[in-house]
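# need a structure here:
(one chain, ligands or ions: 2)
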Amino acid sequence: YDPKTAQSSTSDKNSFAFVSARDRWPTIITGAIDDVHKAVSKETNTEKQEEGKRITQAIAALKYEMQHDRQLTPLPDDGQPDIARYNQELQQRGNPHWHDVAWLYAECYLYRRLSTIFSLSTHWKGYDVFSKQKMSTFRSSRPAVLELAARYNDLTSQLQSDHSSLAQASDSEREKAEEMLFIEMSEICLWGNATDLSLLTNLSYEDIQKLQGSESRKANEDKILVNDFHAAFACLKKAQKSGAGERRVDIVLDNAGFEVFVDLLLAGYLLQSGLATHIVLHPKNIPWFVSDVVPKDFSDLLNVLLNAKSFYETPSEDDQARGITPQSLSDTDAKNLHALFENWSTLYAEGKILLRPNLFWTEGGSYWRMPKTAPSLYEDLQTSELVIFKGDLNYRKLTADALWDPATPFTEAIGPLGPGSGVRVLALRTCKADVVVGLPKGKDEELGGPGSAGGGKEMGGKREWAWSGKWAVVSLCDGKA
Ligand code: F6P
Ligand code: MG
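Ligands and ions are numbered 1, 2, ... in the order given. Presented below is the predicted three-dimensional model:
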């Protein structure tokens, strides 16, 4: 149940896989070593400290193996059932080397291997090496967070009031307004994905802040190469009009911090506008691709909203090192963040927002395998009105990270989750990898892709335009049609 088309490989000199295996991953691992090293030096329990040192050595060994193009070794058994599947696949793939292996499998293996180092320890179980990094980027998204909190609260009061212009509009005017708001919220959610820590080597903080502001969102609309927002709204509206009692939207989450903050804005809008009655969020079970959401990231985010003044006004380690005193938070901003906290915790307490982790999301295979290897998850998603897959990795997994011609229809590239699957798939993805589908014929060449006469060929046939996170695709496949 994998596609016949070959997958992107770390041996392909023209691919982002090549760059990832040689430059990006070692940098990420070095960051993880530094993080544990710092945590160890602050530790007072000597047993924990000693074990922490052994953990840094184990991570350093992983880095060495990768940089010296050693074979991937079987994962040690930490008691979870996915380990056997990882190891079986490793064998089926012929025990490959780091620099000549399917990109998708190897990158998943990398994060799973890292997690075994902690899960097999006594004192460091559940430790998230990326947690501090996630929080500090969230802090640096402050201007956009404050702008969006104010906008959301304003919208909430309009949706709740009987006297607002929205409440008094005619049905068709109201529907138009709802669609505009749906698109606005979804676009915020889409570009929120540019805040991915594993790509920070490419995008500067300044780039990120630009992508987060409302003006730049408008300016970036023509960067959305495939745009199915209108069709996605039509599905939700149709379900609402059908009078169905329970209408669920699922969000297969990607990154923590700013991105999950905006995912919650969309979730809240869908619930408060009546476009959905329940939202199911799917986080990861283990620290994943640096910035992905684990359940604890939710409580951390809610805590920030609750204690916003102390979060934003207490100098971070970085501020202290640079002698910076953070700007104080105005009372209005603090109130807005507190109102958000109240709103989201109420929706959560009422059971309208649910968290549903599943081991499947951190396995090494693509989503082509879901109906066979995770049948209960698959059946669950079939009962949802719309399943939103956030971000680049989810898109790579939907399309099996295969070397499709970019003009291949999205419906074909997602295989078993395509037409007739019973799952309505909506991918919101900023492009950060080679795979891309559903483009009009010739678009890839126009952007300088491998087949182009200009840039592409000179650069040796690379699809570099698709690596930067500056372009996006919003693709819908109505598997219920
Ligand atoms: O492209 C770099 C990369 O690490 C990919 O390997 C991965 O697909 C992606 O970034 C993670 O991005 P996202 O958080 O959007 O899934
Ligand atoms: Mg991610």
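
# residue numbers of the stretch 201-350 of the chain in contact with ligand 2?
Contacts of the stretch 201-350 of the chain with ligand 2, taken as CB under 5 Å from the ion, map to 254-255, 289, 292. C-beta: built from backbone N, CA, C; applies to glycine.

# make JSON lines out of these and add pLDDT and distance to ligand 1.
As requested, these are exported to JSON lines (pLDDT from 0 to 100; distance: CB to the nearest ligand atom, whole Å):
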{"residue": "D254", "pLDDT": "97", "distance to ligand 1": "5"}
{"residue": "N255", "pLDDT": "95", "distance to ligand 1": "5"}
{"residue": "F289", "pLDDT": "97", "distance to ligand 1": "5"}
{"residue": "D292", "pLDDT": "96", "distance to ligand 1": "7"}
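
# who's in contact with S345?
Taking CB atoms under 8 Å, 6 or more residues apart in numbering, we find S345 in contact with L302.

# ok, back up a step: are any of the residues of the stretch 201-350 of the chain next to ligand 2 buried, and if so which?
254-255, 289, 292 (16 or more other CB atoms under 10 Å).

# nearest to Q327 among these?
N255 (25.1 Å; CB to CB).

# hang on, that closest one packs against P287?
No - here N255 lies out of contact with P287, judged by CB atoms under 8 Å, at a distance of 11.8 Å.

# hey, where'd the helices end up in the stretch 251-400 of the chain?
Along the stretch 251-400 of the chain, counting by DSSP state H, counting those that start in this stretch, helices occupy 258-272, 295-306, 308-313, 317-322, 331-349, 370-373, 375-382, 391-398.

# quick one: closest of those to ligand 1.
helix 391-398 (3.3 Å; CB to the nearest ligand atom).

# buried residues, that closest one. List them.
Neighbour-count burial for helix 391-398 [16+ other CB under 10 Å]: 391-398.

# I'd like those as CSV, with distance to K480 and pLDDT appended.
Formatted as CSV, the buried residues of helix 391-398 follow (distance: CB to CB, whole Å; pLDDT from 0 to 100):
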residue, distance to K480, pLDDT
G391, 23, 97
D392, 26, 97
L393, 25, 98
N394, 20, 98
Y395, 21, 98
R396, 24, 98
K397, 21, 98
L398, 17, 98
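
# generate JSON lines for these, with distance to ligand 2 as supplementary columns.
Shown next, in JSON lines, are the buried residues of helix 391-398 (distance: CB to the ion, whole Å):
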{"residue": "G391", "distance to ligand 2": "5"}
{"residue": "D392", "distance to ligand 2": "7"}
{"residue": "L393", "distance to ligand 2": "5"}
{"residue": "N394", "distance to ligand 2": "8"}
{"residue": "Y395", "distance to ligand 2": "11"}
{"residue": "R396", "distance to ligand 2": "11"}
{"residue": "K397", "distance to ligand 2": "11"}
{"residue": "L398", "distance to ligand 2": "14"}
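
# returning to what we had before: save the buried ones among the residues of the stretch 201-350 of the chain next to ligand 2 as CSV, and put in distance to R24 too.
CSV is the format used below for these (distance: CB to CB, whole Å):
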residue, distance to R24
D254, 17
N255, 16
F289, 11
D292, 16
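
# quick one on the thing from earlier: can you tell me which of the buried residues of helix 391-398 are up against ligand 1?
391-393, 396 (CB under 6 Å from any ligand atom).

# what parts of the stretch 201-350 of the chain come near ligand 1?
254-255, 289, 291.

# and of these, the nearest to D263?
For these, the nearest to D263 is D254 (8.3 Å; CB to CB).

# over to the closest one: give its phi and psi.
Main-chain dihedrals, D254, degrees, to the nearest 10: phi -120, psi -100.

# surely it meets N394?
Yes - counting by CB under 8 Å, D254 does reach N394; the two are 6.3 Å apart.

# closest to S170 among the residues of the stretch 201-350 of the chain next to ligand 1?
Using CB to CB, these come closest to S170 at D254, 37.7 Å.

# which ones are touching that closest one?
Counting by CB under 8 Å, 6+ apart, D254 has contacts 193, 196, 291-293, 390-394.

# could I get those residues as CSV with distance to K309?
What follows is the contacts of D254, written out as CSV (distance: CB to CB, whole Å):
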residue, distance to K309
N193, 29
D196, 28
S291, 25
D292, 28
V293, 25
K390, 30
G391, 31
D392, 34
L393, 35
N394, 35
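
# what's the most distant pair in the residues you listed?
V293 and D392, at 14.5 Å, using CB to CB across these.
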